[in-house]
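[1] next input, structure requested:
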Amino acid sequence: MAKIAFTVLWAGVLMVVDRALDGVTWAQYLAIFALGGIYAFTVNKLPESRNKSA
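    Next up, the predicted model:
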């Protein structure tokens with residue numbers, strides 16, 4: 001559940017950053033690349049759900 005909540009929250013962060021950098025394409029690419037790396041690192045550090053009922 002933590003990974004799902006973090007993913008939804010991170011999608012909101014990406015949208016805000018993308019809108020803030022509107023018109024500066026190179027900055028958008030750089031920010032999305034950096035935030036993607038931060039997301040990948042962080043989501044791997046979040047604990048797994050212990051009871052997987054699916």
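
[2] in the protein, which helix is the longest?
    Looking across the chain with DSSP state H, the single longest helix is helix 25-45.

[3] neighbouring contacts of that helix?
    The contact list for helix 25-45 (Cβ atoms under 8 Å, 6 or more residues apart in numbering) reads 3, 6-7, 10, 13-14, 17-18, 21-22. Quick note: C-beta positions are derived from backbone N, CA and C, even for glycine.

[4] so what does the helix or strand Arg19 falls within touch, helix or strand wise?
    Taking DSSP states H and E as the criterion, Arg19 maps to helix 2-20. On a contact count with 3 or more Cβ pairs under 8 Å, 6 or more residues apart in numbering; DSSP states H and E, helix 2-20 meets helix 25-45.

[5] where's the helix it packs on relative to the chain centroid, distance-wise?
    Between the centre of helix 25-45 and the centre of its chain there are 7 Å (Cα atoms, centre = their mean, to the nearest Å).

[6] kindly report the same for stretch 4-16.
    The answer for stretch 4-16 is 5 Å, by Cα atoms, centre = their mean.

[7] state the mean pLDDT of it.
    Across stretch 4-16, the average pLDDT comes to 93.

[8] same thing with stretch 20-30?
    Mean predicted lDDT for stretch 20-30 stands at 94.

[9] convert the C-alpha atoms of that stretch to CSV, please.
    Only the C-alpha atoms of stretch 20-30 are listed here, as CSV (Å, rounded to 0.1, in the frame of the first residue of the first chain):
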residue,chain,number,x,y,z
ALA,A,20,6.4,24.9,-13.4
LEU,A,21,9.0,24.4,-16.1
ASP,A,22,6.5,24.8,-19.0
GLY,A,23,8.3,26.4,-22.0
VAL,A,24,11.8,25.3,-21.0
THR,A,25,12.0,21.9,-22.7
TRP,A,26,15.6,21.1,-21.6
ALA,A,27,14.8,21.8,-18.0
GLN,A,28,11.7,19.6,-18.2
TYR,A,29,13.8,16.7,-19.6
LEU,A,30,16.4,17.2,-16.9
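
[10] give me the buried positions along that stretch.
    For stretch 20-30, the neighbour count (16 or more other Cβ atoms under 10 Å) marks 21, 28 as buried.

[11] now do stretch 6-14
    Using 16+ other Cβ under 10 Å as the test for burial, stretch 6-14 gives Trp10.
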